[in-house]
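**Q** Turn this into a structure:
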Amino acid sequence: MSTLNEDQRLFTETAQRFVREQIIEPRLDQALDRSGDFPHDIIRQLWAQGLLQLEFPEEIGGAGMSCHDHTLILEEINYGCLGIGTSAVANSLAALPLLLCDNAAARREYLGQLMAEPRYAAFACSEPDAGSDVANMSTQYVKRGDHYVLNGRKRWITNADVADFYVVFARERGSQGHRGVSAFVVEAGSPGLRWESLIQKLGQRCSHTGDVVFEDVEILAKNLIAGPEHGFKLAMATFDRSRPWIAAGAAGVIRRARDESVRYAMQRRTFGEPIINHQMVSAMLADMEISYQATRLLCLHAASAVDAGNLRGSHSACAKAFGGDAAMKATTDAVQIFGGYGYTQDFVVEKLMRDAKLLQIYEGTSQIQRLVIARDLMRQLG
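**A** Coordinates of the predicted model:
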């Protein structure tokens, strides 16, 4: 905390207090995990506390925070629950293409809606056969007069069932590969648009994920935010820009696993002494601390590169890949430290482990991140 400036300290303490009082102490994280209910009340409270959409610019009512400061808050929210964290940051993910595009009118209109009241948005890029391989998407559109007509199916869409609008990537009919991909804002309730098939997941269960289907959905020309020469680049820029947020989630869950494990290891006794005194247990706890410190530094490094306008794909890919893998190991070790109790729902560590797995998968798997890093090295050194 000593390295934070006054504003950062106040926002971080507000987030910590909220998470402790509203999520951890009432065990809401575990209750939502079991019910699978969407965390509407928590999201509304986060919005009221000014802890959502922190990077929205001041001219539309946002806080105008840096990516660096945003990740500090996201770490705290995800310390409480990765599922709530994913739901909370989904609006910011959907907003990124609007923040990065040239369509100022759409930016003001739709981001203004999110600032005016607690509402939801969704980023719709992945498909049943095109997750990490964005260039292989099959959802397509045609231009007819002053509007576009969209057909296709998107999958793995966070906030699919609650979104008021979707930022959708689709290809121009007849195009192939990177070329021809465009981006649109599509309002929920548009004729021919529906969500379906909420996915029952291993973890992050209160974050709703589902399919969004488009059948001859008409989109006004003003809602085009990136044309066929720029849509793919916009999608890639969005992922590069959002991956520090995933690393912040990893830092949060690693820290939670560390704290839960240290407290348990100090209380649990075997062979006449607390298990924290056993060398193998203490080594796992030390590895958690190493993982937390490394993940947090990689996250803040990538976020600072965003703020400096000096972001390379490998900055955010390193943070996400390392953080996701480290979170999976830390939470698995937490279950191991708890022993048989860790395998039950009486303690939160089994939930942390299930939640953490998704960090290695969404917004580009750990394997895809390594491809991004290797290609960036070739560009830099080849």
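**Q** is it true that Thr71 touches Pro244?
**A** Yes: taking contacts as CB atoms under 8 Å, Thr71 lies within contact range of Pro244: 5.5 Å. Glycine gets a C-beta too; all of them are placed from N, C-alpha and C.
**Q** can you list residues touching both of these two?
**A** 299, 303 (CB atoms under 8 Å, 6 or more residues apart in numbering).
**Q** list the contacts for the closest residue to Arg34 other than its chain neighbours?
**A** Distances taken as CB to CB, 6 or more residues apart in numbering put Gln345 closest to Arg34, at 7.5 Å, once the chain neighbours are dropped. Gln345 sits next to 30, 34, 351 when contact means CB under 8 Å, 6+ apart.
**Q** from the residues you listed, which would you call buried?
**A** 30, 351 (16 or more other CB atoms under 10 Å).
**Q** From the contacts of Gln345, which land in strands?
**A** Members of these lying in strands (criterion: DSSP state E): none.
**Q** returning to what we had before: any idea whether the residue nearest to Arg34 is helix, strand or coil?
**A** coil (DSSP: H, G, I helix; E, B strand; the rest coil).
**Q** now Ile219
**A** strand.
**Q** And for the one 10 residues further on?
**A** Taken by three-state DSSP, the conformation at Glu229 corresponds to coil.
**Q** surely it meets Arg179?
**A** Yes: shown here, Glu229 and Arg179 form a contact pair, counting by CB under 8 Å, at 7.3 Å.
**Q** overlap in contacts of those two?
**A** If you check Glu229 and Arg179 against CB under 8 Å, 6+ apart, no residue is contacted by both.
**Q** Look at Leu4 and give its secondary structure.
**A** Classified using three-state DSSP, Leu4 is coil.
**Q** remind me which residues of the chain are low pLDDT?
**A** For the chain, residues meeting the criterion pLDDT under 70 lie at 1-2.
**Q** Mind splitting it into its structural domains?
**A** As given by automatic domain parsing, the domain ranges for the chain are 6-116, 121-229, 232-381.
**Q** quick one: terminal-to-terminal distance for the longest one?
**A** What that stands for is domain 232-381. One end of domain 232-381 sits 25 Å from the other (CA to CA, to the nearest Å).
**Q** ok, now which ones touch Cys318?
**A** 298, 302, 369, 373.
**Q** ok so, going back, for Arg263, see how far away the residue nearest to Arg34 is.
**A** 18 Å (CB to CB, to the nearest Å).
**Q** How about Asp161?
**A** 37 Å.
**Q** Compare those two (neighbour count), which wins?
**A** Neighbours were counted for Asp161 and for Arg263 using other CB atoms under 10 Å; Asp161 has more, 18 against 11.
**Q** which SS state does the more buried one fall under?
**A** Look at Asp161: counting by three-state DSSP, its state is coil.
**Q** which ones are touching it?
**A** 38, 195, 198, 208, 210.
**Q** again with Ala221
**A** 146-148.
**Q** Inside strands: which ones of those residues?
**A** Per DSSP E, the contacts of Ala221 map to strands at 147-148.
**Q** Filter the contacts of Ala221 down to the buried ones.
**A** Neighbour-count burial (16+ other CB under 10 Å) applied to the contacts of Ala221 gives 147-148.
**Q** is it possible to export the contacts of Ala221 to TSV including distance to Ile84?
**A** Below are these laid out as TSV (distance: CB to CB, whole Å):
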residue	distance to Ile84
Asp146	41
His147	37
Tyr148	35
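**Q** Most neighbours among the contacts of Cys318, which one is it?
**A** Ala302 (31 neighbours).
**Q** Spit out the contact partners of that one.
**A** So Ala302 contacts 243-244, 247, 311, 315-316, 318-319 (CB under 8 Å, 6+ apart).
**Q** By neighbour count, which of those residues wins?
**A** Ala247 (33 neighbours).
**Q** Roughly how far does it sit from Ala163?
**A** Using CB to CB, Ala247 is found at 25 Å from Ala163.
**Q** cool, Ile23 as well?
**A** 23 Å.
**Q** out of these two, which sits in the busier spot?
**A** Ala163 (25 against 21).
**Q** Regarding the closest residue to the more buried one other than its chain neighbours, what is its secondary structure?
**A** The shortest distance from Ala163 to any non-neighbouring residue, by CB to CB, 6+ apart, is to Ala122 (3.8 Å). Secondary structure assignment for Ala122 (three-state DSSP): strand.
**Q** My guess is Ala122 contacts Thr158. True?
**A** Yes: applying CB under 8 Å as the test, Ala122 and Thr158 come out as touching, 6.3 Å apart.
**Q** Overlap of the contact sets of the two?
**A** Ala90.
**Q** ok, which stretches of the stretch 151-300 of the chain are helices?
**A** Counting by DSSP state H, counting those that start in this stretch, the stretch 151-300 of the chain has these helices, from start to end: 231-267, 279-307.
**Q** Give me the angle between the very next helix or strand once past the last one and helix 279-307.
**A** Stepping forward along the backbone from helix 279-307, the first helix or strand reached (DSSP states H and E) is helix 313-338. Inter-element angle recorded for helix 313-338 and helix 279-307: 160 degrees (by axes from the mean of the first three to the mean of the last three CA atoms, to 10 degrees).
**Q** between helix 313-338 and helix 231-267, how big is the angle?
**A** Using the same axes, to 10 degrees, helix 313-338 lies at 30 degrees relative to helix 231-267.
**Q** mind checking the end-to-end distance for stretch 111-125?
**A** First-to-last residue span, stretch 111-125, CA to CA: 19 Å.
**Q** Touching, Met288 and Ser261? I think so.
**A** Yes: using CB under 8 Å, Met288 is in contact with Ser261, at 6.6 Å.
**Q** Common neighbours of the two, please.
**A** Contacts common to Met288 and Ser261, judged by CB under 8 Å, 6+ apart, are 333-334.
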